[in-house]
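Visitor: coords below, sequence missing:
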């Protein structure tokens with residue numbers, strides 16, 4: 001392939017070939033059981049074939065299709081194992097691999113971005129890509145000063161591909177919805193569309209990464225590779241490599257999974273206070289565990305800008321739920337636009353609905369499992385459940401959507417790791433006012 005297939009008609013035809021109707025009906029069989037139906041017999045062969053075709057197409061198209069698939073991969077832990085298993089391996093592959101573009105295209109892009117003498121910047125450049133992402137691929141090279149570097153080059157036609165894919169995926173959102181119960185597909189696609197522009201310009205990503213690298217410089221838990229050079233469609237960073245988080249998920253010991261999960265949680269909950277930014281792409285392909293025990297984090301194209309740290313209503317909401325103050329919680333929710341106007345929502349139901357955010361904070365250590373996340377998805381997706389009706393009364397203001405998705409995505413990865421995490425202590429360190437209202441004023445200055 002010479003580049004991303006650019007023509008909208010060609011990309012639409014590819015996406016239209018997806019077996020979403022069949023796969024969706026199969027994946028939704030467990031949902032029908034929840035609402036009292038007989039369900040339907042799930043064919044493992046059918047699911048495996050659907051998964052293979054679904055993610056082969058998303059990976060081949062790259063662009064918005066692949067980015068959407070990566071976003072979905074974070075939430076696969078919410079689907080019951082007997083139905084999700086055929087999808088899991090395909091999702092893992094999608095996180096780190098896609099068909100490469102030819103070396104000639106890579107050279108052309110580098111010449112456009114760094115000038116015709118781009119090779120003079122490198123002592124050596126490997127034409128075989130070391131990794132692939134949604135809108136670019138990564139090559140290993142030696143910088144002119146002898147440093148090993150990673151060179152990220154954007155696919156030709158990435159902008160057209162992103163626009164085309166996300167438009168078409170939005171139209172197909174209803175068909176895809178059964179694949180990920182408990183996650184609203186359409187808002188996810190809308191958010192990806194909103195963040196598209198800043199991800200296309202690697203200069204923005206490079207600036208985000210520089211900020212994170214400075215904040216975590218010398219940190220004993222997190223490593224952010226330094227940026228060496230950047231241009232609109234290419235960027236060069238330090239080459240650092242370790243064990244992929246997806247490999248830790250698949251075969252790591254319990255101790256290794258616990259350690260990796262604690263590092264991921266620490267990175268997620270500390271970033272708003274330390275950096276004023278939140279890394280907003282938490283799929284496992286963006287994390288590696290280094291030999292020295294640190295978590296390496298890459299891909300800063302998507303960030304949430306939080307100059308004041310985590311939005312205060314979100315943390316106060318969790319505090320009131322932990323303190324079992326339903327009346328005050330409901331008032332906070334209404335005052336900040338989290339409840340639909342005129343809703344008869346009961347305060348007690350609001351407390352129950354927040355369980356995914358509060359339950360892991362009620363004990364010193366919490367065991368994140370796929371089954372726990374599946375239960376959360378079941379209770380909000382079961383038409384007979386009070387939580388289903390509660391969800392219909394709630395509203396998520398746009399300014400909180402990205403923070404909410406990234407937090408849920410991070411919890412999803414912790415569940416994939418099947419890890420025991422001292423989350424209460426981690427959150428208490430970075431957001432002490434959640435546990436003690438007297439710390440709130442101090443928290444504003446973190």
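Guide: That came in fine, so what should we check first? Treat the numbers as computed from the prediction; the structure is a model and nothing was measured. Residues are numbered from 1 along each chain as shown.
Visitor: List the buried residues for the helix or strand in which residue 267 is found?
Guide: Using DSSP states H and E, residue 267 maps to helix 254-275. Using 16 or more other C-beta atoms under 10 Å as the test for burial, helix 254-275 gives 256-275. Placement of C-beta: from N, CA and C, glycine included.
Visitor: Neighbouring strands - and their directions - for whatever helix or strand comes next after it?
Guide: As assigned by DSSP H and E, the chain's next helix or strand after helix 254-275 is strand 277-279. Under the criterion DSSP bridges, strand 277-279 sits next to strand 303-305 (antiparallel) in its sheet.
Visitor: Outside of the strand it pairs with itself, list whatever touches it.
Guide: Strand 303-305 is contacted from outside by 208, 276-280, 402-403, 406, using C-beta atoms under 8 Å, 6 or more residues apart in numbering.
Visitor: One more: stretch 246-259?
Guide: Residues from elsewhere that reach stretch 246-259 (C-beta under 8 Å, 6+ apart): 92, 95-96, 243, 260, 284-285, 289, 293, 416-421.
Visitor: In stretch 323-338, which residues are buried?
Guide: Within stretch 323-338, the residues that qualify as buried are 326, 329-330, 332-333, 336, 338, counting by 16+ other C-beta under 10 Å.
Visitor: again with stretch 121-136
Guide: Buried residues in stretch 121-136, counted by 16+ other C-beta under 10 Å: 121-122, 125, 129, 131-136.
Visitor: For residue 113, see how far away residue 399 is.
Guide: 34 Å (C-beta to C-beta, to the nearest Å).
Visitor: Filter the buried residues of stretch 121-136 down to just the ones in helices.
Guide: Among these, no residue falls in helices (DSSP state H).
Visitor: from those, which single one is nearest residue 142?
Guide: Taking C-beta to C-beta as the measure, residue 142 sits nearest to residue 122 out of the buried residues of stretch 121-136, at 6.1 Å.
Visitor: Tell me how far the closest one lies from residue 202.
Guide: From residue 122 to residue 202 the distance is 17 Å (C-beta to C-beta).
Visitor: Sheet partners, orientation included, of the strand or helix carrying residue 140?
Guide: Per DSSP H and E, residue 140 falls inside strand 136-143. Strand pairing for strand 136-143, using DSSP bridges, gives strand 122-132 (antiparallel), strand 148-154 (antiparallel).
Visitor: Where among those strands is average confidence lowest?
Guide: With a mean of 92, strand 122-132 has the lowest mean pLDDT of these.
Visitor: pLDDT (mean, whole number) over the helix holding residue 267?
Guide: In this model, helix 254-275 has a mean pLDDT of 97.
Visitor: hang on, the earlier thing: need the strands paired with strand 136-143 in TSV (columns: distance to residue 357).
Guide: Listed next are those as TSV, based on distance: least, C-beta to C-beta, whole Å:
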stretch	distance to residue 357
strand 122-132	33
strand 148-154	34
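Visitor: Excluding residues flanking it in the chain, which one is nearest residue 397?
Guide: Distances taken as C-beta to C-beta, 6 or more residues apart in numbering place residue 337 nearest to residue 397, at 4.6 Å, with adjacent residues excluded.
Visitor: Phi first, then psi, for the one you found.
Guide: In this entry, residue 337 is assigned phi and psi values of phi 80, psi 20 (degrees, to the nearest 10).
Visitor: What of the one 4 residues further on?
Guide: Here is the backbone geometry of residue 341 (degrees, to the nearest 10): phi -60, psi 130.
Visitor: Surely residue 106 is within a strand?
Guide: No - counting by DSSP: H, G, I helix; E, B strand; the rest coil, residue 106 is not found in a strand; it is helix.
Visitor: ok, now which ones touch it?
Guide: Neighbour list for residue 106: 127, 129, 137, 139, 153 [criterion: C-beta under 8 Å, 6+ apart].
Visitor: how close does the residue nearest to the fourth one when sequence neighbours are not counted get to residue 127?
Guide: Residue nearest to residue 139 in three dimensions, not counting chain neighbours: residue 151, with 4.6 Å by C-beta to C-beta, 6+ apart. When C-beta to C-beta is the yardstick, residue 151 and residue 127 sit 11 Å from each other.
Visitor: remind me which residues of the stretch 151-300 of the chain are low pLDDT?
Guide: 161-189, 191-197 (pLDDT under 70).
Visitor: mind listing the strands for it?
Guide: 222-223, 227-231, 234-238, 243-244, 277-279, 287-289, 295-297 (DSSP state E, counting those that start in this stretch).
Visitor: Turn these into JSON lines, columns for distance to residue 250 and mean neighbour count.
Guide: Formatted as JSON lines, these follow (distance: least, C-beta to C-beta, whole Å; neighbours: other C-beta atoms under 10 Å):
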{"stretch": "strand 222-223", "distance to residue 250": "22", "mean neighbour count": "22"}
{"stretch": "strand 227-231", "distance to residue 250": "31", "mean neighbour count": "20"}
{"stretch": "strand 234-238", "distance to residue 250": "26", "mean neighbour count": "23"}
{"stretch": "strand 243-244", "distance to residue 250": "9", "mean neighbour count": "18"}
{"stretch": "strand 277-279", "distance to residue 250": "23", "mean neighbour count": "22"}
{"stretch": "strand 287-289", "distance to residue 250": "13", "mean neighbour count": "23"}
{"stretch": "strand 295-297", "distance to residue 250": "17", "mean neighbour count": "23"}
